[in-house]
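Colleague: Dropping a prediction and its sequence here:
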Amino acid sequence: MASLSIDRVTKTFGHQTVLKDVSLDVRDGEFLTLVGASGCGKSTILRVIAGLEPQDTGSILIDGGRVDHLRPKQRNVAMVFQSYALYPHMSVADNIAMPLVMQRLRLAERLPLVGRLSPRRGRVMAGVKGEVEAVARQLQIDQLLARRPAQLSGGQRQRVALGRAMVRHPQVFLMDEPLSNLDAKLRVHMRAELTELHRRLGSTFIYVTHDQVEAMTMSDRVALMDEGRIIQLGTPNELYHDPLDLRVARFIGSPGVNVLPGLVLASGAVEVCGVKLPVEVEAKEGSIVDVGLRPETLSLDAHHPGCPRLAARLQSVENLGAEVFLRFIIEAGPAEPVILRASLESYERGRHHGSLDGVVQVSVDTQRATVFDAEGRRIARRPVEASVVRLSVPAE
Amino acid sequence: MSALTTTRPSPGLLFRLGLMRPDLVIRSAVAHLVLIVGALFVLLPFVWMLLTSIRKPEAVFTAGFNPIPDEFHGVENYGHALSQSPLLQFMGNGVIVCAAILALQLIFSLPAAYALAKLSFRARPLIFALVLMGLTVPEQVTALPIYMGLASIDMLDTYFALMLPFSLSVFAIFLFRQFFKSFPDEIIQAARLDGFTEFEILIRIMVPSALPAIAAFAVFSITSHWNDLYWPLVVTTSPEHATPPLGMMIFRDQETGSNYGALMAGATIITAPLVIAFLIAQRQFVRGITMTGVK
């Protein structure tokens, strides 16, 4: 267990700067996720922390102490790789045992034949065997110890890779997209299992993924990366409801946020598709902005007094059972549709009354709208005025 | 959807029912014919060698193409070959030289190949270019300088002289480098995190995974040096260090004259170990291929 700090790390490959002055503090026992599109530098951070790639500038600190000069094995971090990186010709038991064998036997004792001459070796190996079995039982792979990686399924290999990381009780676990090679169902299952493992071990986890669902569901905090920088660091809730950058708003959430172009009016309201939204932003009159509206901020139920409405036509329906995603083309808006999340009841009611045919009035909950300037930075809002009615909960 | 897939017969079933397309049958037949003719060309000299080795000396040059000898003269021919020449000593020399060459080649080329494939250092492109250039230099070019060098340190006509020029194989470095190049980096990184030294990564991880390539290279190396006549002829003069082909030459000149039956018996005896070794290595190939499942 340990805290970890990344202090102004820069890393360049050839002419490409992969990490641009990245700083990050990970708390002791935290589950922190680095999320971003591929090529954003998130995996490089893990490799720099592990010592597999030396950084150009900056340092890595574990529990306050610099580890830049230490070799990978001396840093006491364990890594789980996307491809699992199991040793192909060794049994599962040997794969899991390797970190301990390497730690506890001296170089001479590890030699193929000469090593057996050491009287210490037998004792050490017996201890290792016991620990390997204990870890295997924890991960429920104790039946597979004699097999080779090629004889295992993806999920089983994943567990072996976890076992190899767990057996040495590292200060920090580094996980590089460990679930991305699994099928969808197993991935959901392993998500829960990893969270449980983190809770049980209480160790510091740094988890890299391109899947925002994994980031949202598993982490204490999420750092969203783009082009070698951390754009926003916060809890999953903060990233979802309070994105500081349009890239964050777009990346987090499924289906994605609706982004509509808007024009700031004198009052601070924003005109979107010819409709005035009372969002009261602190921006100059006449500036062009982007308004982010999550699918749940749009609603079919149009009977809230004073709430702004957008005239739109229904394009397609995606029924997930408990909820329904409706795609609308806004009459005076862009060509691509906006997505609205409705409860099944609200959708059925609308369909029953025939109010989904023709032009539909879509209500907007401006309270939860986020506004970004032309560079994609979030624009602050003035304190909410009493006249604005809160519309987030549709009345049944 | 599942009903659809179960009612559709698989190609394997069609094949079993003899419903293979006629054009495929013809193509397969032509391919087999070409292969059979090729195999005959390769195998006939060996068959002839075997048949001659059990013939009477008089029958060797009789007219006509009689494949089956009238009289079995094998015992005499093989007895003659084994008793009149130190054939077993030649073969012993061959084993010593080939084994030592192979061992040295692996000891030098595997670490070099690992470094060229997986470690990054400044001179890597230059060294790899030198390796590639080394591939283009024929053995005969360096023969004279090496001969003179060996002569000046008085090491001619020794096992050392027979092994020296082949102990470092650029071909092996190139072959293993290509093989290691395709080995996943993540496994090597995992090994570094686990505390393997670079040398242990090579021995405990890379070499076991490269066994098929090592077996393939061993076949190349052993056949070429077991059968090599050129270099032993250059540096060896005494029968004590003669390798099998050179020994056969000495044997022909001195002892047998034109006793082709015995000569062929000798040839059969020195060819046999290679064939046996190859069959063993072939089994290793297959095992190696089925064992790989890195993903």
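Modeller: Here it is on my side, so go on.

Colleague: any idea how far chain B is from the residue lying closest to A:S267 once chain neighbours are set aside?
Modeller: With sequence-adjacent residues excluded and distances taken as Cβ to Cβ, 6 or more residues apart in numbering or on different chains, A:S267 is closest to A:E280, at 7.6 Å. C-beta here means a position set from N, CA and C on the backbone, and glycine is covered the same way. In this view, A:E280 and chain B are 51 Å apart by Cβ to the nearest Cβ, to the nearest Å.

Colleague: Nearest residue to A:H89 in space, please, no chain neighbours.
Modeller: Nearest non-adjacent residue to A:H89 (Cβ to Cβ, 6+ apart): B:P208, at 4.3 Å.

Colleague: Quick check: the one you found touching A:P112?
Modeller: No - here B:P208 does not reach A:P112: they are 11.6 Å apart, not a contact under Cβ atoms under 8 Å.

Colleague: neighbour-wise, which of those two wins?
Modeller: B:P208 (15 against 8; other Cβ atoms under 10 Å in any protein chain shown).

Colleague: Confirm the more buried one sits in a helix?
Modeller: Yes - applying DSSP: H, G, I helix; E, B strand; the rest coil, one finds B:P208 inside a helix.

Colleague: tell me which parts of the stretch 1-150 of chain A are close to chain B?
Modeller: Within the stretch 1-150 of chain A, the positions near chain B by Cβ under 8 Å from any Cβ of the partner chain are A:47, A:50, A:52, A:71-73, A:77-79, A:81-83, A:85-89, A:98-99, A:102-103, A:107, A:110, A:112, A:148-150.

Colleague: And chain A, what are its domain boundaries?
Modeller: Chain A breaks down by automatic domain parsing into domains covering A:4-241, A:255-372.

Colleague: Which one of those has the poorest average confidence?
Modeller: Least confidently modelled of the domains of chain A is domain A:255-372, at a mean of 88 by mean pLDDT.

Colleague: Quick check: phi and psi at the residue of the stretch 51-200 of chain A found nearest chain B.
Modeller: Nearest residue of the stretch 51-200 of chain A to chain B: A:A150, at 2.7 Å (Cβ to the nearest Cβ). The phi and psi values for A:A150, taken as degrees, to the nearest 10, are phi -60, psi -20.

Colleague: so it touches A:Y87, yeah?
Modeller: No - at 11.3 Å, A:A150 does not count as touching A:Y87 under the criterion of Cβ under 8 Å.

Colleague: More neighbours: the two, which one.
Modeller: Taking other Cβ under 10 Å, A:A150 and A:Y87 do not tie; A:Y87 has more neighbours (22 against 15).

Colleague: In contact with that one, which residues are there?
Modeller: A:D94, A:N95, A:M98, A:P149, B:I187, B:A190, B:A191, B:R204, B:I205 (Cβ atoms under 8 Å, 6 or more residues apart in numbering or on different chains).

Colleague: Tell me if I am right that it is in a helix.
Modeller: No - if the criterion is three-state DSSP, then A:Y87 is coil and not within a helix.

Colleague: Including distance to B:A117, could the domains of chain A go into a markdown table?
Modeller: Listed next are the domains of chain A as a markdown table, based on distance: least, Cβ to Cβ, whole Å:
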| stretch | distance to B:A117 |
| --- | --- |
| domain A:4-241 | 17 |
| domain A:255-372 | 43 |
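
Colleague: Which one of those domains lies nearest to B:L130?
Modeller: domain A:4-241 (23.9 Å; Cβ to Cβ).

Colleague: Can you name the residue of the stretch 1-150 of chain B nearest chain A?
Modeller: Taking Cβ to the nearest Cβ, the stretch 1-150 of chain B has B:S120 as its residue nearest chain A, at 10.6 Å.

Colleague: what pLDDT does that residue get?
Modeller: pLDDT at B:S120 comes out at 89.

Colleague: State the helix or strand in which it lies.
Modeller: Under the criterion DSSP states H and E, no helix or strand holds B:S120.

Colleague: roughly how far apart are it and B:V235?
Modeller: Distance, B:S120 to B:V235, by Cβ to Cβ, to the nearest Å: 40 Å.

Colleague: Of the two, which one has the most company?
Modeller: In this view B:S120 and B:V235 are compared by other Cβ under 10 Å, and B:V235 has more residues nearby, 21 against 6.

Colleague: For the more buried one, which residues are in contact?
Modeller: Applying Cβ under 8 Å, 6+ apart, the residues near B:V235 are B:Y147, B:L150, B:L156, B:D157, B:A161, B:L162.

Colleague: residues contacting the first one?
Modeller: Applying Cβ under 8 Å, 6+ apart, one finds that B:Y147 lies in contact with B:L156, B:V234, B:V235.

Colleague: Just say helix, strand or coil for it.
Modeller: B:Y147 is classified as helix under three-state DSSP.

Colleague: what about residue 81, how many residues close to it?
Modeller: Answering for chain A, as no chain was given. 24.

Colleague: should've been chain B
Modeller: Neighbours of B:A81 (other Cβ under 10 Å): 26.

Colleague: what's the helix or strand for it?
Modeller: helix B:74-84.

Colleague: I'd like the average pLDDT over that helix.
Modeller: In the prediction, helix B:74-84 has an average pLDDT of 83.

Colleague: What residues sit buried inside whichever helix or strand comes after that helix?
Modeller: For helix B:74-84, the following helix or strand on the C-terminal side (DSSP H and E) is helix B:87-118. Of the residues in helix B:87-118, B:87, B:90-91, B:93-94, B:97-98, B:100-102, B:104-106, B:109-118 count as buried by neighbour count, 16 or more other Cβ atoms under 10 Å in any protein chain shown.

Colleague: okay, the angle between helix B:87-118 and helix B:74-84?
Modeller: 80 degrees (axes from the mean of the first three to the mean of the last three Cα atoms, to 10 degrees).

Colleague: Kindly format the C-alpha coordinates of stretch B:269-285 as PDB.
Modeller: Extracted in PDB, the C-alpha atoms of stretch B:269-285 (Å, rounded to 0.1, in the frame of the first residue of the first chain):
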ATOM      1  CA  ILE B 269      26.800 -45.900 -42.900                       C
ATOM      2  CA  ILE B 270      27.800 -42.200 -42.800                       C
ATOM      3  CA  THR B 271      24.400 -41.000 -44.200                       C
ATOM      4  CA  ALA B 272      22.300 -43.000 -41.800                       C
ATOM      5  CA  PRO B 273      23.000 -40.800 -38.600                       C
ATOM      6  CA  LEU B 274      21.800 -37.700 -40.500                       C
ATOM      7  CA  VAL B 275      18.600 -39.300 -41.600                       C
ATOM      8  CA  ILE B 276      17.900 -40.500 -38.100                       C
ATOM      9  CA  ALA B 277      18.800 -37.100 -36.600                       C
ATOM     10  CA  PHE B 278      16.500 -35.400 -39.100                       C
ATOM     11  CA  LEU B 279      13.600 -37.700 -38.200                       C
ATOM     12  CA  ILE B 280      14.000 -36.900 -34.500                       C
ATOM     13  CA  ALA B 281      14.200 -33.100 -35.200                       C
ATOM     14  CA  GLN B 282      11.200 -33.300 -37.400                       C
ATOM     15  CA  ARG B 283       9.100 -34.600 -34.500                       C
ATOM     16  CA  GLN B 284      10.500 -31.700 -32.500                       C
ATOM     17  CA  PHE B 285       9.300 -29.300 -35.200                       C
END
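
Colleague: Which neighbouring elements make contact with the host helix or strand of B:V219?
Modeller: Per DSSP H and E: B:V219 is located in helix B:211-226. With contacts taken as 3 or more Cβ pairs under 8 Å, 6 or more residues apart in numbering or on different chains; DSSP states H and E, helix B:211-226 sits against helix B:87-118, helix B:170-181, helix B:260-291.

Colleague: any chance of these in TSV, plus distance to chain A?
Modeller: Listed next are the helices and strands packed on helix B:211-226 as TSV, based on distance: least, Cβ to the nearest Cβ, whole Å:
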stretch	distance to chain A
helix B:87-118	12
helix B:170-181	14
helix B:260-291	7
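
Colleague: so how many other residues sit close to A:S203?
Modeller: By other Cβ under 10 Å, neighbour count at A:S203 equals 21.
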